[in-house]
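> I need the structure of the sequence given here:
(chains A and B)
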Amino acid sequence: MTETLVLLSLPFLAALAAALHARLSAPIGIGATALNAAAAVLIAGGVLREGPATTAIGGWSSPLGIPLVVDGLAVVMLLMTAFVGLGVAVHAMGRSPMDAGPARLAQTRRWFWPLWLMTLGAMNALFLSGDLFNLYVAFEILGLTAVGLTALSGSRSATAAAFDYLIAGLVGSLMVLLGIAIAYAAVGQVDLDIIPSLVATMQGRIALALIVAGLAIKGALFPLHFWMPAAHSSAVPSASALLSALVVKTALYVLLRVSLEGGADAAPLRALLGAAGAGAMFWGGWNALRAERLKLLVAHSTVAQIGLIAVAIGVAGDGMLWKAAVLLILSHALAKAAMFLAAGRIAEELGHDRISGLNREDLRPGAAEFAFAIAAISLVGLPPTAGFIGKWILMEGLIDDGAWLWVGLILIGTVLSAAYLARVVSRCLRGGPHVAPGARRPEWRSGDAAALGLATGALALGLASSIPVALLELTPA
Amino acid sequence: MTPDLVYLATGAGLGALALWRLTTSSDPLRRVLALNVLAVGIAMILLAAAHGPGGADAVPQAFVLTGIVVLVAVTAALLALAETLGPRGD
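Got it, this is the predicted structure:
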């Protein structure tokens, strides 16, 4: 499996090269991101043809070595990371953060690429990992690089947010580490497939509870999301897009794995996820309704959407509903990346990002507003977007089970998301008499292309959702 | 058995103190220190748990070692961020 090794080593090597050669960092970065996407597609083809595969690195098998597991779920997450990353990389090529002077700008441009490539490598390692301790190591790399991305703009608010993020992240990983060590004491192994035997004993359940608590901090699951809105809203647009679309998903992915591996015995865990998710939908939705700044609204919307995904994992039980959770993860990744990039472009053109000042008479809505609107449609879950397919499968399953409480909660959450996104979209749509005849159009930038591409991806994924579903069939549950 | 219990209880106590400090303090330096105390507490729990009747198990010790490496890196990053923030804190 050469592709697996490419996914694991190429991003880190490229990060090193990009850090050493400041001038070449952008071409190295975009090249490595494109190669990574190609390798992910090759792996997906391999899994579709030959089914899931396990690689033992260096020929060392399980108790001693670290197994790499490539199954349907892992491949879907790898593809998501690769393509959303590619979109954001296109944006970063021509980026110009508004709150940075020329010196600061050069710094930001220079260090973005090494940080992003390390983040990519850590996420690849995480999705491929078949072993809890390896997951922990990947989380640590990811935590440090994600904090670097947060602090990249160099502004005071971003630095303060990065500090809080790093502290919260390390507390989360210490919980995970303690949980892994207790799991090892209980079972004598740290492979992911020990989870069924963990849920059977008291010590194992304590270990799992600690791991889940740590993951909830890292995944910004309500009520442990306190660090997240500030971090995601104060970073530069491309960093916000990566953090919100991809980095928080890694914790959700591991939670989903734990829930799937745990089977019927993990029901208390799922009940907890469902309750936290419902809380997140309302808390995030309420704060997004009240937010005054565009990026803060988008960040709070991430809290709410993570809640929806947690609810989907929570109600999935051991049936097939978890695929809805994965579709929601995918659609949120595409739509939220598009939304943050679009919000960044809108703020750049306007010179501010106050929602009350979004419709200006001398500026026509442009491509960024259009991309924002498509992304909003996907997040609310209107057809034909991927968000719609995910919610449809989820609601259908819940109605079949007669779980009307959850149906009601998800519907209320959907109405809330429509309400807060309409605050932005309605202002963007307000053309006609509000726009002066001589109003200028915003200039076309590569950032617009990236935002439009990602938003269109969320739309197209709804039409092509059979591809991820076919891949997910290849997950041994 | 008793020395093990002392280690476990001390580790848990250190962890609890550190968590309390982390949530109540707003001074960056105090929070960095609290984080280090938390990590030491957890390391004590792990080492005490690794000590069985047949001697020490190397795997949890390796976990602790990884944890220490990570902690050093994170502390350095936190101090650098705190320095950029200046003495006022958040």
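> ok, longest helix in chain B?
If you go by DSSP state H, chain B has its longest helix at helix B:58-85.
> so where do the strands sit in chain A?
Shown for chain A, the strands assigned by DSSP state E span residues A:53-56, A:67-70.
> tell me which other helices or strands the last one touches.
For strand A:67-70, the contact count by 3 or more CB pairs under 8 Å, 6 or more residues apart in numbering or on different chains; DSSP states H and E identifies helix A:2-20, helix A:25-50, strand A:53-56, helix A:102-128 as packing neighbours. From N, CA and C alone the C-beta is placed, and that goes for glycine too.
> try it again with 7 Å
strand A:53-56, helix A:102-128 (3 or more CB pairs under 7 Å, 6 or more residues apart in numbering or on different chains; DSSP states H and E).
> does any part of the longest one sit near chain B?
No: judged by CB under 7 Å from any CB of the partner chain, helix A:102-128 stays clear of chain B, getting no closer than 12.1 Å.
> just want the angle from that helix to helix A:2-20.
160 degrees (axes from the mean of the first three to the mean of the last three CA atoms, to 10 degrees).
> direction included, what does the lowest-mean-pLDDT helix or strand in chain B pair against?
Within chain B, no helix or strand scores below strand B:51-52, which has a mean of 72 by mean pLDDT, DSSP states H and E. With DSSP bridges as the criterion, the sheet partners recorded for strand B:51-52 are strand B:55-56 (antiparallel).
> which stretches of chain B have low pLDDT?
Low-confidence segments of chain B, defined by pLDDT under 70: B:1, B:87-90.
> what parts of it come near chain A?
Residues of chain B lying near chain A (CB under 7 Å from any CB): B:22, B:28, B:31, B:35, B:38-39, B:42, B:45-46, B:49, B:59-60, B:63, B:66-67, B:70, B:73-74, B:77-78, B:81-82, B:84-85, B:90.
> and these, which are buried?
For these, a burial check counting by 16 or more other CB atoms under 10 Å in any protein chain shown picks out B:22, B:28, B:31, B:35, B:38-39, B:42, B:45-46, B:49, B:59-60, B:63, B:67, B:70, B:74, B:77-78, B:81-82, B:85, B:90.
> any idea which element the residue most central in space within chain B lies in?
The centre of chain B sits closest to B:Ala39, judged by CA atoms, centre = their mean, with a distance of 1.1 Å. B:Ala39 is part of helix B:28-50, with elements assigned from DSSP states H and E.
> what's the spacing between that helix and its chain's center?
Distance of helix B:28-50 from the chain centroid (CA atoms, centre = their mean, to the nearest Å) equals 1 Å.
> what residues are up against residue 51?
Picking chain A for this. Residues near A:Gly51 by CB atoms under 7 Å, 6 or more residues apart in numbering or on different chains: A:Leu474.
> nope, chain B
Counted by CB under 7 Å, 6+ apart, B:His51 has contacts B:Asp4.
> how far away is it from B:Val59?
13 Å (CB to CB, to the nearest Å).
> likewise A:Leu215?
22 Å.
> output stretch B:35-54 as CSV, nothing but the C-alphas.
What follows is stretch B:35-54, C-alpha atoms only, in CSV (Å, rounded to 0.1, in the frame of the first residue of the first chain):
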residue,chain,number,x,y,z
LEU,B,35,-1.4,22.5,33.2
ASN,B,36,2.0,21.2,34.1
VAL,B,37,0.8,20.2,37.5
LEU,B,38,-2.2,18.4,35.9
ALA,B,39,0.1,16.5,33.6
VAL,B,40,2.4,15.5,36.6
GLY,B,41,-0.7,14.3,38.5
ILE,B,42,-1.8,12.1,35.6
ALA,B,43,1.7,10.8,35.1
MET,B,44,1.8,9.8,38.8
ILE,B,45,-1.5,7.9,38.4
LEU,B,46,-0.1,6.1,35.3
LEU,B,47,3.2,5.2,37.0
ALA,B,48,1.4,3.9,40.1
ALA,B,49,-1.0,1.9,37.9
ALA,B,50,1.9,0.4,36.0
HIS,B,51,3.5,-0.9,39.1
GLY,B,52,2.2,-4.5,39.6
PRO,B,53,3.3,-7.4,41.7
GLY,B,54,5.6,-8.7,39.0
